[in-house]
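A.B. asks: Quick one, what's the 3D model for this:
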Amino acid sequence: MNWPLQKNAVSEEEINLLIKFLKSTDKYTQGEKVKEFEKNWSTWQGCKYSVFVNSGSSANLILIDSLKEHYGWKENDRIILPAITWATNISPVIQSNLEPIFVDIDLETLSFDLKDLKRKIEENENIKGIFITHLLGIPAEVATIKEICSEKQIKIFEDCCESHGAKIGDSKVGNFGEGSTFSSYFGHHMTSIEGGFVCTNNYELYKLFLLKRSHGLARALPKEDFEKVAKENPGIDSKFLFLTHGYNLRNTELHAVIGINQLKKLDQIIKKRNENFEEYYELCKKNQERIYLIKKEGISSFSFPFIFKEKEAYTKFKEKLKENSIEFRPIISGNLLMHPFLEKYKEGAKNLKHAKLVHENGIYIGNNQFVKKEDFKIINKILEEIQ
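C.D. replies: Model prediction:
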């Protein structure tokens, strides 16, 4: 593959750090390195509390479950989601016995179509939350979304799994709502191989994150809180005291060792990705009669999306990518309402015209720190050949 979606980003330095760590201890399960990574991540992200888990999907599960418990949401209360996002943004909503309400996307930001968002809020009662996805590193229109949601006091929370370091003004995405999620999977801006974070500035939510990550066990709490609940439950061994329903979504010291070192490089990785994005954007500007231009203000580029206005150009482009051994994929997974797991919501897909267009005419190719300026000559040539 000449141009894969992602290349291996785990360096020789990180392999050596891992070997050194393995030789220095016999404790590999969640411990001090995880705490160090969490502290460093919170500092970088600009939030008070971060909890390292085994994936971004697990971060989504903990966030939704904790919000439901904290705010006392009832069965069949509603959560708004975009039609184009990742499946495990939607799954925890359904698993928590909440009802997803799907909104079309905007072709410039790939987030909510604001007119459709207003309409869905007006048409539906008992909407408790809105799960914003900052798709492919593009910041959503959070200020406008907040304004639309404010009248009904709808809680806002953010999926930033593809948007590490994207900004709205001077603030990084992930700091505009009740909580946020991030992924450090192999293919993302930085990697711990597998991993993710759930973040918040709310101490009560933070405690729920800690509990739910570790079975609901009281001993996962900060020391002072643990001692308090232990005294309140004298008839139970405090080390095996369960305070809420939970899961085992912990990560390991090994993944934290890699993540700590990767985080040191993250700003430079984002800088390189965004330099690459400028090359891509100029190509799209030259071809905007055929390709939709996406918003670039505040971006932390995850990949290079190509959304074609006509099916023929889209089909030819894919064929040329194959000929040149350039890996591509749908934009996330296209319109998720077209997938079997959302069969019962399929009727609503008919009115999501932009999601339909992206599903049928959209793909992306990889952006990362290994993409070179000269690589874009290939894409330019392909776009010229399919005119």
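
A.B. asks: Can you list the helices and strands that the lengthiest strand in the chain packs against?
C.D. replies: Counting residues, the longest strand found in the chain (DSSP state E) is strand 127-133. Where contact means 3 or more C-beta pairs under 8 Å, 6 or more residues apart in numbering; DSSP states H and E, strand 127-133 is packed against helix 56-71, strand 78-82, helix 87-95, helix 142-150, strand 155-159. Bear in mind the C-beta positions are built from the backbone N, C-alpha and C, glycine included.

A.B. asks: Kindly reformat those as JSON lines and extend each row with mean neighbour count, mean pLDDT and distance to Lys167.
C.D. replies: Shown next, in JSON lines, are these (neighbours: other C-beta atoms under 10 Å; pLDDT from 0 to 100; distance: least, C-beta to C-beta, whole Å):
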{"stretch": "helix 56-71", "mean neighbour count": "24", "mean pLDDT": "99", "distance to Lys167": "20"}
{"stretch": "strand 78-82", "mean neighbour count": "25", "mean pLDDT": "98", "distance to Lys167": "20"}
{"stretch": "helix 87-95", "mean neighbour count": "19", "mean pLDDT": "98", "distance to Lys167": "22"}
{"stretch": "helix 142-150", "mean neighbour count": "15", "mean pLDDT": "97", "distance to Lys167": "11"}
{"stretch": "strand 155-159", "mean neighbour count": "23", "mean pLDDT": "99", "distance to Lys167": "13"}
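
A.B. asks: so which of the ones you listed gets nearest Lys356?
C.D. replies: strand 78-82 (13.3 Å; C-beta to C-beta).

A.B. asks: when you compare where that closest one runs with where strand 155-159 runs, what's the angle?
C.D. replies: Counting by axes from the mean of the first three to the mean of the last three C-alpha atoms, to 10 degrees, strand 78-82 lies at 40 degrees to strand 155-159.

A.B. asks: Which elements pack onto strand 78-82?
C.D. replies: Using 3+ C-beta pairs under 8 Å, 6+ apart: strand 78-82 touches helix 87-95, strand 99-103, helix 114-123, strand 127-133.

A.B. asks: Now do that strand and helix 56-71, the angle between them.
C.D. replies: 150 degrees.

A.B. asks: quick one: strands adjacent to strand 78-82?
C.D. replies: In the sheet, strand 78-82 lines up against strand 99-103 (parallel), strand 127-133 (parallel) (DSSP bridges).

A.B. asks: which residues touch the residue nearest the centre of the chain?
C.D. replies: Nearest to the geometric centre of the chain sits Cys161, at 2.1 Å (C-alpha atoms, centre = their mean). By C-beta atoms under 8 Å, 6 or more residues apart in numbering, the contact set of Cys161 is 56, 59, 86, 181-183, 188, 196.

A.B. asks: Considering these, which possesses the most neighbours?
C.D. replies: Sorting these by how many neighbours each has (other C-beta atoms under 10 Å) puts Ala59 first, at 33 neighbours.

A.B. asks: close enough to count as contact, that one and Thr181?
C.D. replies: Yes - in this structure, Ala59 is within contact of Thr181 by C-beta atoms under 8 Å, at 3.8 Å.

A.B. asks: what's the overlap in contacts for those two?
C.D. replies: 161, 196-198.

A.B. asks: quick one: which two of those are the most distant?
C.D. replies: Longest span within the shared contacts of Ala59 and Thr181, C-beta to C-beta: Cys161 and Val198, 10.8 Å.

A.B. asks: Common neighbours of those two, please.
C.D. replies: Common neighbours of Cys161 and Val198 (C-beta under 8 Å, 6+ apart) are 59, 181-182.

A.B. asks: can I see the domain layout of the protein?
C.D. replies: 12-259, 266-385 (automatic domain parsing).

A.B. asks: Just name the most buried of the ones you listed.
C.D. replies: The highest mean neighbour count among those, using mean count of other C-beta atoms under 10 Å, belongs to domain 12-259: a mean of 19.

A.B. asks: starting at the chain centroid, how far to that domain?
C.D. replies: The chain centroid and the centroid of domain 12-259 are separated by 9 Å under C-alpha atoms, centre = their mean, to the nearest Å.

A.B. asks: measure it end to end?
C.D. replies: 14 Å (C-alpha to C-alpha, to the nearest Å).

A.B. asks: In the protein, which residue sits furthest out from the middle?
C.D. replies: Outermost residue of the chain (C-alpha atoms, centre = their mean): Gly235, 41.7 Å.
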